[in-house]
Each structure stands twice: as structure tokens, then as C-alpha cells.
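Peer 1: Predicted model, plus sequence, below.
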Amino acid sequence: MHIIARRAATGIGSPVLTSLCTSRLTGTRRLYTMADSDHTVFNKPKVELHVHLDGAIRVQTILDVAKRRGITLPTDTEEELTQKIALEKPSTLTAFLEKFNEYMHVVAGDREAIKRIAYEFVEDKAKEGVIYVEVRYSPHFLANTQVEPIPWNQTEGNLSPDEVVHLVNEGLSEGERAFNIKARSILCCMRHMPSWSMDVVELCKKYRHEGVVAIDLAGDESLNCLANPGHRRAYEEAERCGIHRTVHAGEVGPASVVKEAVEVLKAERIGHGYRTLEDEGLYRKLLAQNMHFEVCPVSSKLTGACDPDFTKHPIITFMKDKANYSLNTDDPLILNSNLHLDYSTVHRYMGFTEEEFKRLNICSAESCFLPDEEKKELLDRLYEAYGMMTSTAF
Ligand SMILES: O=c1[nH]cnc2c1ncn2[C@H]1C[C@H](O)[C@@H](CO)O1
């Protein structure tokens, strides 16, 4: 018999951190190279809770699919297409979301592409040292039938949002087996499309035993801050059926959107949530409730959600207050980033230590949407990898 006991990690407070490659943040942008990826500030198992599948597609995959389908793109080189898609400098969330127009028409409606994207996503996360990921997407945005309006100027086909979820589930499960990590998904309602939201919750219910763990509300908060009744009804149904709930709120929208997410939509986690800090009372209340904030450092700069000066970033307050939050990429394709860049950014500009990286990953595991037993297994893997577990046989 074994007794498992947690203890403080050894060597914490003294960051074992290697040098960084930060030219992408401070100077001219350039593509990631293998050398960049070697500069890892936290080379230990990680948990990622906020990343969009359709914002995490490989550029080469877009080129391959376009070629196979006979779709013309403005360029056929990986480097040039990356430059076309990637956001160059701090902008607005609206401009950021427009970047999806550059390539979504290539992959939407294509069964092979959707499954491939999901599979490759798992491989990319495994390479970043992620052992558990929750990836989100809008099934409607990848469909070309049973969706009104049909997105991305597609002509009507025969791929429904339901089949999209099935294909993503297949790609993720094959990826899990091939790369030995765990991947679950979150289905997104879109703020500007309340008429899709009931479908989304029904898909969450249908596929809850095939990898779908939660519902989300994404899209442009700056265009419409109030939760439309369509979203509200979907979230009520989610709560009634025990479907987990997260909501993009307080990214660019005011603290009142966060309040609404928590009080009306019964969100269990907040996507981004930076502007919660503008309402001291709300922030203190959420801290006391141990609310989880899914923060995305690199994204928050390029979407214009936060001051581009990272030394003034709200995440510093979260860190100092020992808040419950995770570090995430959000949309690495559009940000031309990866998870290492988020970790190196907060280390370099915000003073994050190895100890904090361990703590926030444990918070992430505790706040993930896995069932209790699987959550415990995930936590045990982290405690062990972080040297926070003793196993005493007797
Ligand atoms: O950072 C974001 N904020 C709000 N919505 C976003 C963000 N990144 C991606 N999205 C939207 C665009 C995607 O097509 C959609 C589903 O993944 O979610």
C-alpha cells in the first residue's frame, strides 16, 4: 500500500530558466524556428485550458488543403502565408477576429481537413510539453449545412455541425493515442450568433461521453456585451444538464460582462477576464470564490485587450494575489506564437518564477473540466513531475 503525500516543491523560488528568444515581442517579427522552441523556460508537463482549434491550425495544412481542393490563396509559401495571417502589432479584437477570414474557407466543410487539424493539434501540444489540453471551436464555423447563415461564403454542402464534432473527436482521440497526451474539447457559442447556441448545448450533451467537456461563449465582446436570451437559454440548459461552462468575458469588454458571465450564465471559468480588475469589489469576490481565469499573455497584447507594456499587465496582479489562473496560447496561428512564448513572456517581463509556473499549472488542473477521478490522476502526474509528491510504501 502506498501513501501519497504532497509537499512543497524543491528548488522553488530559484528559477531554473534558460535564455530566451524574444525578438518577436520587441523587434521585427519573424517566423518561429526550431531554435526558438529550444528556449524553454518551463520544461515540465503543462496544462492548457484556453486555445481555439481554428486559431491553432498549421500553415502548411492550410496550404495543403487549399491545393487539394483547388482553392487559390494569395501565396503558396508557408512563410508568406504566415505573414498574411499573423497579426503584426497590437490591434483590436475586431481586427484580430477578421484574420479568420484569411483561411477558414479553406478548411470549413472538408472532412479530411477537420480531422487532420484536430490530430495535428494534439501533436503540436505534445511537443510543447502539454499533458492535458482543452481545445475549443465553433462546430458551426466548420460546417456547410444545417447552419444559417452558411459561413465563409461556402456553397451549401453536406457537413453538419454535428458531424464536425464527430470528426474533431476522432482526430483528437487518434492524436491522444499517437502522442500520449489527453485532449478534450469545448464547444463555442458565438456572441453574434445567438440562434446557434441551443444547437451548441445539444451537441455538448450528445458528445459529453466522447470528449466534449464544456460550453463556451466566444466572439467579439466589443460589439455586443450583453448575453442575448439565446445564449442565456443555452447556458441554463447546460447548467441543468451538468455541462461545464466557461465564457469569454472581460477580455476587451468591461467588468460588467464578467459579472454577467458569472451571475447570469453561471460560468465556472472566465476566458481572459483581465478587465475584472476594473471592479475591485467583483475581483475580490471572484478571488474569494476561487474563480479560474484563463489568461493568454501574448494574445492579450496583440488583440489590444491589455496595455502592450507587459510590465503593467493584469496577470501580474493575478500572480501577486495567488489567484486561480492558467497560461494559454489562445490562437497561436494568428499570433504566430506557441506556448513557450507565453511562458517566456511572463518570465521575462512579469517576473514569473518556476514556483509560480508549478502553482498555476496545478490551479489549471484543479479547474479543468475532467471528471473527478481523471482530474486526480492529472494532479498526481503534475505533483510527481514537479517533485511535490512522496510515495511511502509500508
Ligand atoms: O480571443 C478571442 N476572443 C473572442 N473570440 C475569439 C478569440 N479567439 C478566437 N475567437 C473566436 C473566433 C473563432 O472562430 C471562435 C471559435 O474558436 O472563437
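Peer 2: Arrived safely, thanks for sending.
Peer 1: From now on I want contacts and neighbour counts done on CA atoms only, so please keep to that.
Peer 2: OK.
Peer 1: Could you tell me which residues make contact with the residue lying closest to Asp331 once chain neighbours are set aside?
Peer 2: The shortest distance from Asp331 to any non-neighbouring residue, by Cα to Cα, 6 or more residues apart in numbering, is to Gly55 (4.2 Å). By Cα atoms under 8 Å, 6 or more residues apart in numbering, Gly55 lies in contact with Phe100, Asp330, Asp331, Pro332, Leu333, Ile334.
Peer 1: Can you dump the C-alpha atoms of stretch 172-191 in CSV for me?
Peer 2: The C-alpha trace of stretch 172-191 is given here as CSV (Å, rounded to 0.1, in the frame of the first residue of the first chain):
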residue,chain,number,x,y,z
LEU,A,172,-8.3,14.3,-31.1
SER,A,173,-8.7,10.7,-30.0
GLU,A,174,-6.3,9.4,-32.7
GLY,A,175,-3.9,12.2,-31.6
GLU,A,176,-4.2,11.2,-28.0
ARG,A,177,-3.3,7.6,-28.8
ALA,A,178,-0.4,8.6,-31.0
PHE,A,179,1.2,11.3,-28.8
ASN,A,180,0.2,10.0,-25.3
ILE,A,181,-1.5,13.2,-24.0
LYS,A,182,-5.1,13.8,-23.0
ALA,A,183,-7.2,16.2,-25.2
ARG,A,184,-10.8,17.2,-24.5
SER,A,185,-12.9,19.8,-26.3
ILE,A,186,-15.2,22.8,-25.5
LEU,A,187,-17.9,23.8,-28.0
CYS,A,188,-18.2,27.6,-28.6
CYS,A,189,-21.4,29.6,-29.0
MET,A,190,-20.6,32.8,-30.8
ARG,A,191,-21.7,36.2,-29.4
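Peer 1: buried residues in it?
Peer 2: Neighbour-count burial for stretch 172-191, counted by 16 or more other Cα atoms under 10 Å, picks out 172-176, 179, 181-191.
Peer 1: Ends of stretch 142-161, what's the gap?
Peer 2: 7 Å (Cα to Cα, to the nearest Å).
Peer 1: anything in it near the ligand?
Peer 2: No - applying Cα under 6 Å from any ligand atom, one finds stretch 142-161 separated from the ligand by no less than 9.0 Å.
Peer 1: Mind listing residues that contact that stretch?
Peer 2: Stretch 142-161 is contacted by residues 101, 104-105, 107-111, 114, 139-141, 164, 196 when judged by Cα under 8 Å, 6+ apart.
Peer 1: Now go through these and say which are in helices.
Peer 2: For these, the ones inside helices are Met104, His105, Val107, Arg111, Ile114, Val164, with DSSP state H as the criterion.
Peer 1: ok, back up a step: need the contacts of stretch 142-161 in CSV (columns: pLDDT).
Peer 2: CSV is the format used below for the contacts of stretch 142-161 (pLDDT from 0 to 100):
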residue, pLDDT
Asn101, 97
Met104, 98
His105, 98
Val107, 98
Ala108, 98
Gly109, 98
Asp110, 98
Arg111, 98
Ile114, 98
Pro139, 98
His140, 98
Phe141, 98
Val164, 98
Trp196, 97
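Peer 1: From the residues you listed, keep the buried residues only.
Peer 2: Judged by 16+ other Cα under 10 Å, buried ones among those: 104-105, 107-111, 114, 139-141, 164, 196.
Peer 1: could the contacts of stretch 142-161 go into JSON lines alongside distance to the ligand?
Peer 2: Listed next are the contacts of stretch 142-161 as JSON lines, based on distance: Cα to the nearest ligand atom, whole Å:
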{"residue": "Asn101", "distance to the ligand": "9"}
{"residue": "Met104", "distance to the ligand": "8"}
{"residue": "His105", "distance to the ligand": "12"}
{"residue": "Val107", "distance to the ligand": "12"}
{"residue": "Ala108", "distance to the ligand": "11"}
{"residue": "Gly109", "distance to the ligand": "14"}
{"residue": "Asp110", "distance to the ligand": "16"}
{"residue": "Arg111", "distance to the ligand": "17"}
{"residue": "Ile114", "distance to the ligand": "13"}
{"residue": "Pro139", "distance to the ligand": "8"}
{"residue": "His140", "distance to the ligand": "9"}
{"residue": "Phe141", "distance to the ligand": "7"}
{"residue": "Val164", "distance to the ligand": "13"}
{"residue": "Trp196", "distance to the ligand": "13"}
